[in-house]
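> Take a look and give me a structure for this.
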Amino acid sequence: MTPQSEGIQPDNDANGQAVISLDTLSKRIQDEMIALVMLAAEVQIALGPALTEAKSLSPAVQRSLQALDRLHQTLDDLQRVLGHLAMQSGTAPVPIKPLDEVIRLRHLAHKLFDNIDAPFALSEEDSGDVAWF
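Numbers count the residues shown, from 1 in each chain. Sure thing, here's the model as predicted:
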């Protein structure tokens with residue numbers, strides 16, 4: 001789905017390519033990262049009761065839990081950086097097509113470039129490949 005198919009007219013550069021301002025893109029990425037920070041926190045909270053009942057945890061499980069905590073903290077820091085960039089960047093245009101081609105999750109591309117304000121939900125056709133952990 002392109003911005004035009006959603007009825008949203010993107011800005012175009014001198015070559016007619018769709019572009020988005022860097023501050024707008026940074027803010028949208030920050031919004032998505034905030035949602036990921038909340039999801040990581042929810043996973044940590046959900047694991048809490050199970051971990052309290054566990055007699056012992058293997059070193060591999062302990063490392064995985066530490067990695068989850070690091071993921072949470074890193075996403076939180078990155079979203080703050082993007083928030084700062086969104087306020088500093090001004091209106092430098094960023095070509096959409098090269099970014100759209102590297103994003104695997106179609107719902108994310110729509111939220112970033114088409115300004116669709118939808119909750120985090122995936123359908124089978126736009127979710128990309130399943131990555132089991």
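> Count the residues that sit near Leu25.
For Leu25, the count of nearby residues is 22 (other C-beta atoms under 10 Å). (Each C-beta comes from the backbone N, C-alpha and C, glycine too.)
> Look up the closest residue to it, ignoring the ones flanking it.
Val94 (5.6 Å; C-beta to C-beta, 6 or more residues apart in numbering).
> Doesn't that neighbour lie inside a strand?
Yes. Under DSSP: H, G, I helix; E, B strand; the rest coil, Val94 sits within a strand.
> how much space between it and Gly48?
Look at Val94 and Gly48: by C-beta to C-beta, to the nearest Å, they are 40 Å apart.
> circling back to that earlier point, could you double-check that the residue nearest to Leu25 sits in contact with Asp23?
No. Val94 is beyond contact range of Asp23, at 9.8 Å (criterion: C-beta atoms under 8 Å).
> can you tell me which helix in the chain is longest?
If you go by DSSP state H, the chain has its longest helix at helix 22-53.
> Measure how buried Gln66 is and give me the count.
Gln66 has 10 neighbours, counted by other C-beta under 10 Å.
> go on, Asn12?
Asn12 has 12 nearby residues by other C-beta under 10 Å.
> what sits against it?
Ala18, Val19 (C-beta atoms under 8 Å, 6 or more residues apart in numbering).
> where's Asp23 relative to Ala86, distance?
Counting by C-beta to C-beta, the gap from Asp23 to Ala86 is 5 Å.
> which stretches of this protein form strands?
11-12, 18-21, 93-95 (DSSP state E).
> Partner strands of the last one, with direction?
Strand 93-95 has the following sheet partners, assigned by DSSP bridges: strand 18-21 (antiparallel).
> Quick check, central residue of the protein?
Geometric centre of the chain, nearest residue: Glu32, 4.0 Å, by C-alpha atoms, centre = their mean.
> in terms of contact, does that residue touch Lys111 like I think?
Yes. Counting by C-beta under 8 Å, Lys111 is a contact partner of Glu32 at 6.6 Å.
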